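Participant: Structure for this input, please:
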Amino acid sequence: GYLSGLLRKKKQDLAGPVDSDHYALIRAAEAFWETQQAGGDTRAVCEQYSLNHRAMQTVCESFTKLQQELKQQRLLPDEILDHANRNAHEPAVVLAVVAAGVFPNLAVRRPEKKKIEVNCGRVQASMHPQSVLEGGGAGKSDYGLAEWLCYSELTQVEERYSLTSISRVSPEALLLLCGDDPLEVQGSGPDVSVSLL
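Facilitator: Numbering: from 1, shown residues only. Just a heads-up that it's a prediction; the model follows:
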């Protein structure tokens, strides 16, 4: 209802130009981190974006711990830190990394169907109502093409399936996931499917 719409709007504001729950979460963590580093009011950031303060603290602590561990192992020296983060604000690169991280959690939304195909079409699911993409998202394809999505979790309540933490995935990111293995393309136009041989 009304509250879900408000939460979705806040997520869309965070996600900016991309349709991604993952990117919205990354931007929220960045806002929290920057406020924390500046000695600002992190609770105000959490209230602004309807975030759990303890969860955001845990994310920032995990980030700091991982960065320190990588430095201790000499895998991330200070000299290359800026170079390693050079694409951190490039949504296409970040979403390709997200897709690789949640792989094989991929789904396809075909224009002629109301539900999203998950697990190679064996499961029909819908989006969580608070997703940035619920209701079409900012960049829904007007060309009648299938759109590929990655997701963090597939949940089942009775006989209904729902996807949470969803991001639109570019065809280029999907091709990177396929590697050098041969592909089989079936169908044409908006109803095309690709599978690894």
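
Participant: Tell me which residue is most central in this protein.
Facilitator: residue 22 (3.1 Å; C-alpha atoms, centre = their mean).

Participant: what does the host helix or strand of that residue rub up against?
Facilitator: Using DSSP states H and E, residue 22 falls within helix 21-37. By C-beta atoms under 8 Å, 6 or more residues apart in numbering, the surrounding residues in contact with helix 21-37 are 11-12, 14-16, 41-42, 44-46, 49, 51, 56, 59-60, 63, 91, 94-95, 98, 131-133, 150, 152, 164-167. Using the backbone N, CA and C atoms, a C-beta is placed for each residue, glycine as well.

Participant: In stretch 17-28, which of the residues would be classed as buried?
Facilitator: Under the neighbour-count criterion of 16 or more other C-beta atoms under 10 Å, stretch 17-28 has 18-28 buried.

Participant: what's the spacing between the longest helix anywhere in the chain and its chain's center?
Facilitator: If you go by DSSP state H, the chain has its longest helix at helix 53-72. The chain centre lies 20 Å from the centre of helix 53-72; the measure is C-alpha atoms, centre = their mean, to the nearest Å.

Participant: What's the first helix or strand after that helix?
Facilitator: helix 78-84.

Participant: helices or strands next to the following helix or strand past that next one in the packing?
Facilitator: Per DSSP H and E, the first helix or strand lying C-terminal to helix 78-84 is helix 91-102. Using 3 or more C-beta pairs under 8 Å, 6 or more residues apart in numbering; DSSP states H and E, the elements in contact with helix 91-102 are helix 21-37, strand 147-157, strand 160-169, helix 171-178.

Participant: Give me the contact list for the helix or strand just after helix 91-102.
Facilitator: Scanning forward in sequence from helix 91-102 by DSSP H and E, the next helix or strand is strand 106-109. Identification of contacts with strand 106-109 by C-beta under 8 Å, 6+ apart yields 99, 116-118, 125, 146-151, 163, 169, 174, 193.

Participant: Which members of the residues you listed are classed as buried?
Facilitator: Buried members of the contacts of strand 106-109, counted by 16+ other C-beta under 10 Å: 99, 116-118, 125, 146-151, 163, 169, 174.

Participant: Switch the residues you listed over to JSON lines; also include pLDDT and distance to residue 69.
Facilitator: Below are those laid out as JSON lines (pLDDT from 0 to 100; distance: C-beta to C-beta, whole Å):
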{"residue": "99", "pLDDT": "92", "distance to residue 69": "25"}
{"residue": "116", "pLDDT": "94", "distance to residue 69": "37"}
{"residue": "117", "pLDDT": "93", "distance to residue 69": "39"}
{"residue": "118", "pLDDT": "93", "distance to residue 69": "34"}
{"residue": "125", "pLDDT": "95", "distance to residue 69": "36"}
{"residue": "146", "pLDDT": "84", "distance to residue 69": "40"}
{"residue": "147", "pLDDT": "89", "distance to residue 69": "37"}
{"residue": "148", "pLDDT": "90", "distance to residue 69": "33"}
{"residue": "149", "pLDDT": "93", "distance to residue 69": "32"}
{"residue": "150", "pLDDT": "94", "distance to residue 69": "27"}
{"residue": "151", "pLDDT": "95", "distance to residue 69": "28"}
{"residue": "163", "pLDDT": "95", "distance to residue 69": "32"}
{"residue": "169", "pLDDT": "89", "distance to residue 69": "29"}
{"residue": "174", "pLDDT": "82", "distance to residue 69": "31"}
